[in-house]
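**Student:** Based on what follows, work out the 3D shape:
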Amino acid sequence: MMSRSLNLLLLAFLGLFAFITPAAAGPDFWTMWQHRNTCMQKDAQVLAAIMKFCSRNFYTGTPYAVDGASQGKVRINVSAYCKLGTFVPKEWCESQMLETCATGGKKGRNFRKYDNGCQGFWIGGS
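**Tutor:** Numbering: from 1, shown residues only. Okay, the predicted model is just below:
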């Protein structure tokens with residue numbers, strides 16, 4: 001009797017874990033793929049700048065994040081508004097930059113805030 005209750009409890013935790021893990025594990029790669037295609041159609045230089053900049057992990061407020069990257073006439077960076085030193089994994093950088101481009105204007109230029117408004121992802125240029 002006790003063993004059966006323990007097994008049911010274990011199954012319930014495993015089921016809950018199955019729903020939580022994908023959301024906590026990382027960005028939605030299907031959405032990223034769609035945003036990448038949209039961004040590529042808008043401006044290939046934006047996509048190149050994103051791939052260059054988001055090729056490594058970084059922290060907000062560091063010279064790497066503030067200076068950003070450029071490709072041709074495109075410039076991108078990440079600003080910190082609430083706190084410096086927030087860790088930005090390269091997968092999340094890429095996901096959020098691609099979303100910023102995909103939801104931007106006809107050339108992908110845009111500014112979006114993430115992490116409850118504490119991080120600003122910017123794509124600019126002529």
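**Student:** From now on I want contacts and neighbour counts done on CA atoms only, so please keep to that.
**Tutor:** Fine.
**Student:** my guess is residue 89 meets residue 56, correct?
**Tutor:** Yes - look at residue 89 against residue 56 with C-alpha atoms under 8 Å: they come within range, at 7.3 Å.
**Student:** Now the element after the helix or strand bottoming out on mean pLDDT in the chain, going C-ward?
**Tutor:** Least confident helix or strand of the chain, by mean pLDDT, DSSP states H and E, is helix 2-25 with a mean of 54. Toward the C-terminus, helix 2-25 is succeeded by helix 29-42 as the next helix or strand (DSSP states H and E).
**Student:** on contacts alone, who are the packing partners of that next one?
**Tutor:** The contact analysis (3 or more C-alpha pairs under 8 Å, 6 or more residues apart in numbering; DSSP states H and E) places helix 29-42 against helix 44-53, helix 90-102.
**Student:** Select, out of the ones you listed, the one closest to residue 75.
**Tutor:** Nearest to residue 75 among those is helix 44-53; the distance by C-alpha to C-alpha comes to 7.2 Å.
**Student:** Same question for that closest one: list its buried residues.
**Tutor:** Judged by neighbour count (16 or more other C-alpha atoms under 10 Å), helix 44-53 contains these buried residues: 44-51, 53.
**Student:** to the chain's geometric centre, what's the distance from it?
**Tutor:** With C-alpha atoms, centre = their mean, to the nearest Å as the basis, helix 44-53 stands 14 Å off its chain's centre.
**Student:** Stretch 90-100 too?
**Tutor:** On the basis of C-alpha atoms, centre = their mean, stretch 90-100 is displaced by 3 Å from the centre of the chain it belongs to.
**Student:** No more questions from me, cheers.
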